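[1] let's see this in three dimensions:
(6 chains)
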Number of protein chains: 6
Amino acid sequence: MPSLLVVSAHSADFVWRSGGAVALYASRGYKVVVVCLSFGERGESAKLWKQPGMTMEKVKTDRRAEAEKAAAILGAEIQFYDLGDYPMRVPDEALYRLAGLIREIRPEAILSHSLKDPYNFDHPLATHVAQEARIIAQAHGHEPDRKVIGAPGVFLFEPHQPEQCEWRPEVFLDITPVWDKKRAAFECMAAQEHLWEYYTRVAMQRGVQAARNSGKDITYAEAYQRVFPLVAEQLI
Amino acid sequence: MPSLLVVSAHSADFVWRSGGAVALYASRGYKVVVVCLSFGERGESAKLWKQPGMTMEKVKTDRRAEAEKAAAILGAEIQFYDLGDYPMRVPDEALYRLAGLIREIRPEAILSHSLKDPYNFDHPLATHVAQEARIIAQAHGHEPDRKVIGAPGVFLFEPHQPEQCEWRPEVFLDITPVWDKKRAAFECMAAQEHLWEYYTRVAMQRGVQAARNSGKDITYAEAYQRVFPLVAEQLI
Amino acid sequence: MPSLLVVSAHSADFVWRSGGAVALYASRGYKVVVVCLSFGERGESAKLWKQPGMTMEKVKTDRRAEAEKAAAILGAEIQFYDLGDYPMRVPDEALYRLAGLIREIRPEAILSHSLKDPYNFDHPLATHVAQEARIIAQAHGHEPDRKVIGAPGVFLFEPHQPEQCEWRPEVFLDITPVWDKKRAAFECMAAQEHLWEYYTRVAMQRGVQAARNSGKDITYAEAYQRVFPLVAEQLI
Amino acid sequence: MPSLLVVSAHSADFVWRSGGAVALYASRGYKVVVVCLSFGERGESAKLWKQPGMTMEKVKTDRRAEAEKAAAILGAEIQFYDLGDYPMRVPDEALYRLAGLIREIRPEAILSHSLKDPYNFDHPLATHVAQEARIIAQAHGHEPDRKVIGAPGVFLFEPHQPEQCEWRPEVFLDITPVWDKKRAAFECMAAQEHLWEYYTRVAMQRGVQAARNSGKDITYAEAYQRVFPLVAEQLI
Amino acid sequence: MPSLLVVSAHSADFVWRSGGAVALYASRGYKVVVVCLSFGERGESAKLWKQPGMTMEKVKTDRRAEAEKAAAILGAEIQFYDLGDYPMRVPDEALYRLAGLIREIRPEAILSHSLKDPYNFDHPLATHVAQEARIIAQAHGHEPDRKVIGAPGVFLFEPHQPEQCEWRPEVFLDITPVWDKKRAAFECMAAQEHLWEYYTRVAMQRGVQAARNSGKDITYAEAYQRVFPLVAEQLI
Amino acid sequence: MPSLLVVSAHSADFVWRSGGAVALYASRGYKVVVVCLSFGERGESAKLWKQPGMTMEKVKTDRRAEAEKAAAILGAEIQFYDLGDYPMRVPDEALYRLAGLIREIRPEAILSHSLKDPYNFDHPLATHVAQEARIIAQAHGHEPDRKVIGAPGVFLFEPHQPEQCEWRPEVFLDITPVWDKKRAAFECMAAQEHLWEYYTRVAMQRGVQAARNSGKDITYAEAYQRVFPLVAEQLI
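    Numbering: from 1, shown residues only, chains lettered A, B, ... in the order given. Here you go, the predicted model:
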């Protein structure tokens, strides 16, 4: 069973940024695993913290529930590493846990955040960890009794303010067929309701651009930057 | 019949830089058209000019014959615009001729040179012309009685010294199945025999890199930079 | 009377890309002059060309009328240089005409297109011309009897696909107070109705980003890249 | 009372690089707080270490006294975190201390070093810490009983060798009115007397450039790179 | 007799930007040839134009005299192409004239302006012409009876506002031994007296940086960007 | 006795990437010291791990033996820090050990890896450590009883896939005279036999490019990127 891995710094990032890819691959029979390194409990739960008597445990519980619901709609499995956010700190054991997961599911692609983000240092750290875990999973001398992986592509999803993050769209993925699921997953994220319309517009703008670059009939798209070059038997 | 267009500044560039793509697509039933904007008669025919009594006409005739032979081996049609080289100057009529050809064959992709080249100003000019012709061919008001084209991809082939040209490989095309044809085409280029081994090594290095980035069994590859983003229904 | 100059490659560009700035400065008592180097008659009038019996003159007349109407709504004066598009070619006399206009109105800022645009070569050419005209207007020996200008800022407005044009937003201008005028100007552009919603969403996305970067209450914004550094008596 | 925060890797950096901004804002009634992460006791006190019998404590004491004197001249409060230099290492408690300070004074802008510096790794680390502290101070779940901050601008001051640090001047601040104070602050830095003239010339060169970019009468300037875009109600 | 070629857009550029290199190589027995493509008569002669009754011919005559005097002090030969400035336009015959000169003197290095300059479009044009002439001079088929040149290095001298021109210093040339000549050449440029101190400070700042990067005792330096990589038998 | 320092992430990197420089400087009487931060025991020993019953100690022993043999052929001393690989982690004591070595041998140049490498995070880390150790060794207050160093150049050797690592060749070193030694050193690396031909072709391609950029007769070259500018008494 082919698989895809998404490494999400906070528990909602995978929805806004890669929900279309997740739903698309799940619909094609892929096992899609989302790893949330944190719940975004400190930095991305403003609405919850405005409620009286809120506690860290309550925030985490709510955020976990939202993320699980969204993952279910999209068709993904989800894991929570609970590493904390703002700032995130990643001990080597978490890195090895992720490397172990990569060896286990052998994803064809790994999706994570942009390489830079001046608004949010957890995002590039998540990508760094995803890349380092991938490299470790390729090393023959790391747990030599387990089979190493090949060279899965790494795709960086669109940050909130793309130009400020030095991110650029290199691949437009047509997510029109699964848009309804992505939108439904948005609506699980009660703590960040202000982002629903923002990311709907992102999908529409990228859809127009995808159509214009291809001549195809596309309404909604997600954009990704590649880390590694494409190897192919065709150009077009 | 699907088609591919190669815009080559000089009469041999298409061989070293895109011979694999040409042979590959020709072998798949594409009509592949190569446009040589010049014969490289002044700047890339050193060996010929060392012969006693050489004339400009003789150089052009020899270069044309070599290029026609190489194109035949690769399976391409070839056209010569004879615009002169070192320096190349492109009148608007040549631009419109190229736009007309693009409208006529409606290529799925256009291949040309890197956007910069401090060693050779004809190269980026050729790409500029190819891009501008493509844009004109898209304009409804240019020769409004003829059908406009869609949005063919533009692929920049590898320059002689890639890093100095700010070019980077974004797509590796596996040309192993047609390597023999590409090498045979090299050997038509008697005027530039010193490049045969150089570009054989380029193909081997890119082959190793392509294999390493994909886990596939690839021996020879050509590398391209994309001008426009990829629009796709899959990431991998 | 202070002034602002907009150099627009085609007759509608100034509306989508700088309509907010135009309306804002006009509302503040600035003389705002828009120069349309062409009517966009060949490359940006697809809808008109689909009408039976359309002619070049008719397209230009329609495009001029639309642009004049939009300029009137925004509060700008408008001039048409009729240089042709796709491809645009700019003779030195047009350059000197523009330099003369700059000397005449002495704008505090000049707005034009991004420095690169692989989709549209007229756009960066328009900026090149605007910049060169500004430099000529600064030269004491050019028409030495007329007063030279100082150093007006140059601001590059947002292209259709910003990342592909290597453009980045450095200044967000709050256009919320004049949004209604900008939208009304959109609706003059019958030939490009498909862009109304696209650029409404652009304004909303930039509005969200402007709010996020400032903590201010902003709904609609336009983004600009600066060519020259800001000189100021304060940082904030 | 509005405020400004300067995060200085070593105890003299704030003088050379932002002394003008500090004096200017202090003169305008701002509370300006300078945080020196270290005394520069190992890497930037060569002259002191050449004295016989010098000790680490003596160096720190001298450097602190110089910095306090300079801060007093400029009108700033100063704090020393004493984290060590060459190499600097920043424990999370220092990061949280800085985040706490940011919440306390709620600065309108934060000034720190360039993002890269191959001559001095403490400099970009100081900026990284300043940015991460700012992000933490924005997080609702960090010390949820305290009020979060908005989005203060981050300005990067000029490094010793700007081009090697990939830093570029985006804002020129006119410091002519406070130049005498900046120069007087230089002269507190007995340990680095060789830099007095160097940074006087920097201020004069930036002054000429500021004048040239604005047409204003400016003699001395400081240059800054912005991390975040400017949000404004005017372009000019 | 070894030689060096300087291609200067206006008649004073070679003094401010490369006067040290010129004097240094002249003092070592090189034939140094300076080509001034224009007199800078329109854009860089403000002081002259402020004199009553000034004419274009008078400006050119004065500028030529100043440049000849400066060249004599530095030890260079000087040629004037009189192509006009602001804007400069270069016909192919001027390009071939320059290519002919390059073939004639066979320079070991060619010095010219930065590749970009938003303040002055004549500057990058001069470099473009210098590079294109060099390429033509390398072509065996251009005037096949004359000997082609090898591959002289191309060095870009420091523009007025380096960071805005995307120029970076890659080579620091110690000009301390010839500083007096460079300064004396400055003082020939009566039309641009405001630049004397500016470029003296540039030389001092680059001198400090050169000393710091090398540990050598250097007071004055000129900085250059390389177009082509260095080929050497040693790294250090 | 002048010296050179090579900081190699894994025990074979110095051979592929800088074997020519090592042999060249050793042949000129330099003391060349290679520091291998790890043995590459986990990530670069695939062939060894495929042998039955392989252990970590055995891999390290084999890799050490290979590296010592290669160093002896090239004429270098070699030290092993045994920090582990995939991922490498560098405690401050290792950093200080390296700073101490730099103070001891006072190298004229330090060679290490590219600043980025998405395939291998140990490589840029090694360079970071080399640079930070160099900076510490320059600090008067670090072990103040020992003499500080000057400003040795830092040269970054060619990574496996140069363009993907944002590395560019700025210096081509002619290694033709010592090529036989470099090739012989390759052949010590039994664990990575697949790289022998790959890096032979790299040396040949860089050799052709070096010849083309200089007009010299060069067959084999190594390419380096500089971290700091060149300071020189000549351009050419």
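[2] is chain B within reach of whichever strand or helix holds A:Lys60?
    Under DSSP states H and E, the secondary-structure element containing A:Lys60 is helix A:56-74. No: judged by C-beta under 8 Å from any C-beta of the partner chain, helix A:56-74 stays clear of chain B, getting no closer than 15.4 Å. No exception for glycine: its C-beta is placed from N, CA and C like everyone else's.
[3] which secondary structure state does the residue of chain A found nearest chain F sit in?
    Using C-beta to the nearest C-beta, the closest approach of chain A to chain F is made by A:Gly141 at 3.3 Å. Secondary structure state of A:Gly141, per DSSP: H, G, I helix; E, B strand; the rest coil, is coil.
[4] count of neighbours near it?
    Neighbour count of A:Gly141, defined by other C-beta atoms under 10 Å in any protein chain shown: 23.
[5] need phi/psi at it.
    Its backbone dihedrals place A:Gly141 at phi -90, psi 0, with angles given as degrees, to the nearest 10.
[6] now for the helix ranked longest in chain A, which elements pack on it?
    In terms of residue count, the longest helix belonging to chain A (DSSP state H) is helix A:194-214. In terms of contacts (3 or more C-beta pairs under 8 Å, 6 or more residues apart in numbering or on different chains; DSSP states H and E), helix A:194-214 is packed against helix A:13-27, strand A:171-174, helix A:179-186, strand A:221-226, strand B:230-232, helix C:194-214.
[7] adding mean pLDDT, write the ones you listed out as TSV.
    Shown next, in TSV, are those (pLDDT from 0 to 100):
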stretch	mean pLDDT
helix A:13-27	98
strand A:171-174	98
helix A:179-186	98
strand A:221-226	98
strand B:230-232	96
helix C:194-214	97
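[8] same list (those) but as a markdown table, adding mean neighbour count.
    Output for those, formatted as a markdown table (neighbours: other C-beta atoms under 10 Å in any protein chain shown):
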| stretch | mean neighbour count |
| --- | --- |
| helix A:13-27 | 27 |
| strand A:171-174 | 24 |
| helix A:179-186 | 20 |
| strand A:221-226 | 26 |
| strand B:230-232 | 21 |
| helix C:194-214 | 19 |
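[9] and of those, who's closest to C:Ala71?
    The closest of the helices and strands packed on helix A:194-214 to C:Ala71 is helix C:194-214. By C-beta to C-beta, the value is 16.7 Å.
[10] got phi/psi on A:Phe157?
    Per-residue torsions, A:Phe157: phi -80, psi 170 (degrees, to the nearest 10).
[11] counting neighbours, what do you get for it?
    Using other C-beta under 10 Å, A:Phe157 is surrounded by 26 other residues.
[12] returning to what we had before: from the chain's centroid, how far away is the helix holding A:Lys60?
    Here helix A:56-74 is found 15 Å from its chain centre; the criterion is C-alpha atoms, centre = their mean, to the nearest Å.
[13] next SSE after it?
    Sequence-wise, the next helix or strand downstream of helix A:56-74 (DSSP H and E) is strand A:77-80.
[14] report the rounded mean pLDDT for the helix holding A:Lys60.
    Here helix A:56-74 scores 98 as its mean pLDDT.
[15] same question for stretch A:30-48.
    What stretch A:30-48 shows for mean pLDDT is 97.
[16] please name the residues that touch the closest residue to A:Lys182 other than its chain neighbours.
    Once flanking residues are discounted, A:Lys182 sits nearest to A:Gly19: 4.0 Å by C-beta to C-beta, 6 or more residues apart in numbering or on different chains. Contact analysis of A:Gly19 by C-beta atoms under 8 Å, 6 or more residues apart in numbering or on different chains lists A:70, A:74, A:181-182, A:185-186, A:222.
[17] then A:Ala221?
    Neighbour list for A:Ala221: A:20, A:172-176, A:203, A:206-207, A:209-210, B:231 [criterion: C-beta under 8 Å, 6+ apart].
[18] which residues does it bridge with?
    A:Asp174 (DSSP bridges).
[19] do stretch A:224-236 and chain B meet?
    Yes: Stretch A:224-236 is in contact with chain B by C-beta under 8 Å from any C-beta, via A:224, A:226, A:228-236.
[20] for those residues, which one is nearest chain B?
    A:Val231 (3.7 Å).
[21] next up, the contacts around the residue nearest to that closest one when sequence neighbours are not counted.
    Excluding the flanking residues, the one nearest A:Val231 by C-beta to C-beta, 6+ apart is B:Ser214, at 3.7 Å. Contact partners of B:Ser214, counting by C-beta under 8 Å, 6+ apart, are A:150-151, A:231, B:172.
[22] looks like A:Ile136 contacts F:Pro87 (just checking).
    Yes: with contact defined as C-beta atoms under 8 Å, A:Ile136 reaches F:Pro87; the gap is 6.3 Å.
[23] who has more neighbours, these two?
    Just comparing A:Ile136 and F:Pro87: by other C-beta under 10 Å the higher neighbour count belongs to A:Ile136, 27 against 20.
[24] cool, thanks, signing off.
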